[in-house]
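[1] Fold the stuff below for me.
(2 chains)
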Amino acid sequence: DAGITQSPRHKVTETGTPVTLRCHQTENHRYMYWYRQDPGHGLRLIHYSYGVKDTDKGEVSDGYSVSRSKTEDFLLTLESATSSQTSVYFCAISEEKGRETQYFGPGTRLLVL
Amino acid sequence: QKEVEQDPGPLSVPEGAIVSLNCTYSNSAFQYFMWYRQYSRKGPELLMYTYSSGNKEDGRFTAQVDKSSKYISLFIRDSQPSDSATYLCAARAGTASKLTFGTGTRLQVTL
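    Prediction:
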């Protein structure tokens, strides 16, 4: 998984609670991404980062925030989890050169009850 | 209409068959095309990457892009049970633009 770890790998939480997912990379890549994967929708970009403290929104960013205080870590926070945020979340990274190719982590399965 | 369309399958083939997986896209600006393989409960892994039109071969895998018809294909020769996975196509316009994924085609190679 290209030196990418995600934690936790599985989580069950209740509606209305905040949840933070962590992505950690050992590749020193500049770009990091958070996606969610749902049946019928494929992979959809939530947020991405192009450097420490530099982040931007993707196509499904409502209800999510991110932070990147170190090159190796990219955090995704669900501010107040809803059942519609039940999904599999993937982190991805890419280099400065060749950003057209992204490498994915193993994923986090989140269930919001 | 989604920018990248992909038949979800499942596609079931016998071992040794040639598999053809396809995607269509609508954005003429797409220049970079990728195929990812995703095993059950795993993250997608990059399988093939091509720039613009043409073919690219890597072992049993051939990626083909026809920009005139906006068609992306992945061919797998001598398919193996270990090829059973979901295959995702993806495209992007430039290095500064986001990656757009198809929904994936589930392939099952049977003994």
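[2] Which parts of chain B are strands?
    B:4-6, B:11-14, B:19-25, B:32-38, B:45-51, B:54-58, B:61-66, B:71-76, B:85-92, B:100-101, B:105-110 (DSSP state E).
[3] and the second one, how far out from the chain's middle?
    Taking C-alpha atoms, centre = their mean, to the nearest Å, one finds the center of strand B:11-14 at 16 Å from the center of the full chain.
[4] From the contact counts, what lies against it?
    Packing contacts for strand B:11-14, counted by 3 or more C-beta pairs under 8 Å, 6 or more residues apart in numbering or on different chains; DSSP states H and E, involve strand B:19-25, strand B:105-110. Heads up, the C-betas are built off the backbone N, CA and C, glycines and all.
[5] and what of the third one?
    For strand B:19-25, the packing partners by 3+ C-beta pairs under 8 Å, 6+ apart come out as strand B:4-6, strand B:11-14, strand B:71-76, strand B:85-92, strand B:105-110.
[6] okay, these, which one's buried deepest?
    strand B:85-92 (a mean of 24; mean count of other C-beta atoms under 10 Å in any protein chain shown).
[7] what sits against residue 74?
    Since you didn't name a chain, this refers to chain A. Residues in contact with A:Phe74 (C-beta atoms under 8 Å, 6 or more residues apart in numbering or on different chains) are A:22-23, A:25, A:32, A:34, A:49, A:66-68, A:91.
[8] think we crossed wires, I meant chain B
    B:19-22, B:35, B:47-48, B:61-64, B:87, B:89.
[9] same question, A:Glu14
    A:Glu14 touches A:81, A:112-113, counting by C-beta under 8 Å, 6+ apart.
[10] Nearest residue to residue 53 in space, please, no chain neighbours.
    Answering for chain A, as no chain was given. Leaving aside its chain neighbours, A:Lys53 sits nearest to A:Arg68 (6.3 Å; criterion: C-beta to C-beta, 6 or more residues apart in numbering or on different chains).
[11] try chain B instead
    B:Lys67 (4.6 Å).
[12] ok, that neighbour touching B:Ser52?
    Yes. At 6.7 Å, B:Lys67 counts as touching B:Ser52 under the criterion of C-beta atoms under 8 Å.
[13] out of these two, which sits in the more crowded spot?
    B:Lys67 (15 against 10; other C-beta atoms under 10 Å in any protein chain shown).
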